[in-house]
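>>> Test case, fold it:
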Amino acid sequence: MRIKADVSEPREIRNLFAAVGDAFGGLDLFVSNAVSGVLGPAARIGRFGWDLALNANARAFLIGMQEAAKLFPEPGGRAVAVSSIGSFTCLPGYAAVGASKAALETLVRYFAKELAPRGVRVNAVSGGPVDTAALDYFPDKEALVELWKERTPAHRLARPEEIAAVAVFLLSDEASWIQGQTVVADGGITL
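Numbering: from 1, shown residues only. Next comes the predicted model:
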C-alpha cells in the first residue's frame, strides 16, 4: 500500500493514519523521518522558513504520534523520530531546522512519559551528516562534506542504513528498557 501525504499539513497526516487504520486495523510501529526547512542564518529566518521547518518536523511528529497512539494495540506500540545533531550543535544555516529537531526531541520525551503506561515506547535517533541528497541543499556542500569528514574519527559520512539500523534497534524488543531517549549516531563528529 502506498499513500502520499504532505506531512506539513495536519489534515493530510490524519488522512494518512485513517487510511492505515482502514487498511490494516491498527499500527505496531511508527517512524517519523520527515525533514524540511530553509537554510540560512538565524538572523534572516522569516516566518515562512520558520513555519515550514516547525510544521514539517516537530508538528508532523506531534500529530503523527497523536494519530499513531490511536492505532497502537493495547498494550504496545513503538515509535522512533529521526532527529539531527543540529538540535544541539550549530550547523551552517541550520537554525530553523535545528530548532525544529530540538522541539521534536522534546516531544519524544513527553510522548514517552505519557504513553509508557500503555506500553508504548517512544525514542529518537539523532544522526550526524549522512551521505544523502539532503546535503545538496547546503551552500558550499563540497567544502562542508570535507570538513565533516575531517572532524569525524572515521573520516567519512554516515550511510543511510547506519542510521536506519539504530532506528530498527530502538523499535526492537532488545531496546525494551530504552524510553524517551535520543540516541546520537554521529560517528563521533560531535566529540
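>>> for the helix or strand containing residue 110, which positions count as buried?
Assessed by DSSP states H and E, residue 110 sits inside helix 95-115. By 16 or more other CB atoms under 10 Å, the buried positions in helix 95-115 come out as 95-105, 107-109, 111-112, 115. Yep, even glycine has a C-beta here, placed from its N, CA and C like the rest.
>>> after that helix comes which helix or strand?
In N-to-C order, the element after helix 95-115 by DSSP H and E is strand 121-127.
>>> Can you pull the phi/psi pair for the residue positioned nearest the centre of the chain?
Computing the C-alpha centroid of the chain and ranking residues by CA atoms, centre = their mean puts residue 82 first, at 2.3 Å. With angles defined as degrees, to the nearest 10, residue 82 sits at phi -90, psi 120.
>>> surely it meets residue 124?
Yes - the criterion here is CB atoms under 8 Å, and residue 82 meets it with residue 124 at 7.1 Å.
>>> re the thing from before, and the helix holding residue 110, how far out from the chain's middle?
9 Å (CA atoms, centre = their mean, to the nearest Å).
>>> hmm, back to that, ok, now which ones touch the residue nearest to the centre of the chain?
31-33, 35, 124-125, 127, 163, 167 (CB atoms under 8 Å, 6 or more residues apart in numbering).
>>> 7 Å instead?
For residue 82, the contacting residues are 32-33, 125, 127, 167, by CB atoms under 7 Å, 6 or more residues apart in numbering.
>>> same check, this time on residue 74
Counted by CB under 7 Å, 6+ apart, residue 74 has contacts residue 118.
>>> What is the lowest-mean-pLDDT helix or strand in the chain packed up against?
Lowest on mean pLDDT, DSSP states H and E among the helices and strands of the chain sits helix 141-151, with a mean of 93. With contacts taken as 3 or more CB pairs under 7 Å, 6 or more residues apart in numbering; DSSP states H and E, helix 141-151 sits against no other helix or strand.
>>> List the buried residues of it.
Buried residues in helix 141-151 (16+ other CB under 10 Å): 144-145, 148, 151.
>>> Same list (those) but as a markdown table, adding distance to residue 42.
Formatted as a markdown table, the buried residues of helix 141-151 follow (distance: CB to CB, whole Å):
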| residue | distance to residue 42 |
| --- | --- |
| 144 | 17 |
| 145 | 22 |
| 148 | 20 |
| 151 | 22 |
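>>> with the residues you listed in mind, which one is nearest to residue 131?
residue 145 (8.3 Å; CB to CB).
>>> Residue 30: neighbouring residues, count only.
A count of nearby residues for residue 30, using other CB atoms under 10 Å, gives 23.
>>> same question, residue 37
That count, for residue 37 with other CB under 10 Å as the rule, works out to 26.
>>> How is it assigned, secondary-structure-wise?
Secondary structure, DSSP: H, G, I helix; E, B strand; the rest coil: residue 37 is coil.
>>> OK, contacts around it?
Contacts of residue 37 by CB under 7 Å, 6+ apart are 49, 52-53, 56, 96-97, 100.
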